[in-house]
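Asks: With the input below, show me the fold.
(chains A, B, C and D)
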There are 2 protein chains.
Amino acid sequence: MTTTFEALADPTRRRILDLLRERPRLVGELVDLLEISQPGISKHLRVLREVGLVHVRQDAQRRWYELRLEPLAEVEGWLQPYRHMWEERYERLDELLDELQEKENKHDEP
Amino acid sequence: MTTTFEALADPTRRRILDLLRERPRLVGELVDLLEISQPGISKHLRVLREVGLVHVRQDAQRRWYELRLEPLAEVEGWLQPYRHMWEERYERLDELLDELQEKENKHDEP
DNA sequence: TCATTATATAACTTGACAGTTATATAACCA
DNA sequence: TGGTTATATAACTGTCAAGTTATATAATGA
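Replies: Next up, the predicted model:
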């Protein structure tokens, strides 16, 4: 288990990340919310830690797990050309946004 | 193996998709380009077919495999709120684009 | 200090998956 | 028709991952 893609392949891990989107959580909270044993959750958190998708903050015996977005850049990067194709085919949304962006920039220039 | 996420977890399958981004390919081409046996490639193609990421066109004994983007919507959908967070945090790019879009719309209205 | 709380790790089981080789299927062509 | 080409499927193997239970670690608080 090394890549972000593999970490995201597991539905439980995706659910954990979704929960962490709201706010940092203790391991115990995740155990209560998902229906998996505490060691099971800890193992998932380990994988997420290893790929950098979560970060731990210790607080006495408790550990707050919080989301880290950075590794998603890898996924975004891979998806980028596909999104491009999609947009080219269906809306040319990409070009539109680029154009708009450009106009706006000129607008703001002195 | 059911979800798009799982299909994308395997690096060989991602490479196959990358190759299909250029143009449709025969199984044999993929076998030559990747260093995996023909049955191995066929198995990966099966998985990709099952989640709808590729489509086959038969041509005599040959099979042209071509990319299908639709299933990537599932991934995009899941990523959306994360991208949102990212943009909120680092650039508010999202809001900017929305604003630009709105202005442009007013512009185009009679 | 000792029991409790919170989490991590170890050890194990089960199942699935990526890869292989061997074989089946099926269309082509000489 | 029979051999060749192109791909799929079957059967098998080894690895790894997700889950479990049991245990270790470590900080707290009475």
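
Asks: can you tell me how far residue A:77 sits from residue A:32?
Replies: 35 Å (CB to CB, to the nearest Å). Glycine gets a C-beta too; all of them are placed from N, C-alpha and C.

Asks: neighbour count winner among those two?
Replies: More neighbours surround residue A:32 than the other of residue A:77 and residue A:32, with 12 against 9 (other CB atoms under 10 Å in any protein chain shown).

Asks: Surely that one is in a strand?
Replies: No - the assignment for residue A:32, made by DSSP: H, G, I helix; E, B strand; the rest coil, is helix rather than a strand.

Asks: Helices of chain A, start to end?
Replies: A:4-9, A:11-22, A:27-33, A:38-50, A:72-90, A:93-108 (DSSP state H).

Asks: Can you tell me which of those helices is packed in deepest?
Replies: Of all these, helix A:4-9 carries the top mean neighbour count, a mean of 21, counting by mean count of other CB atoms under 10 Å in any protein chain shown.

Asks: Chain neighbours aside, what residue packs nearest to residue A:51?
Replies: Nearest non-adjacent residue to residue A:51, counting by CB to CB, 6 or more residues apart in numbering or on different chains: residue A:7, 4.6 Å away.

Asks: For the one you found, which residues are in contact?
Replies: Shown in contact with residue A:7 (CB atoms under 8 Å, 6 or more residues apart in numbering or on different chains): A:1, A:13, A:47, A:48, A:50, A:51, A:53, A:71.

Asks: Can you pull the domain assignment for chain A?
Replies: Domain ranges of chain A: A:4-67, A:72-108, per automatic domain parsing.
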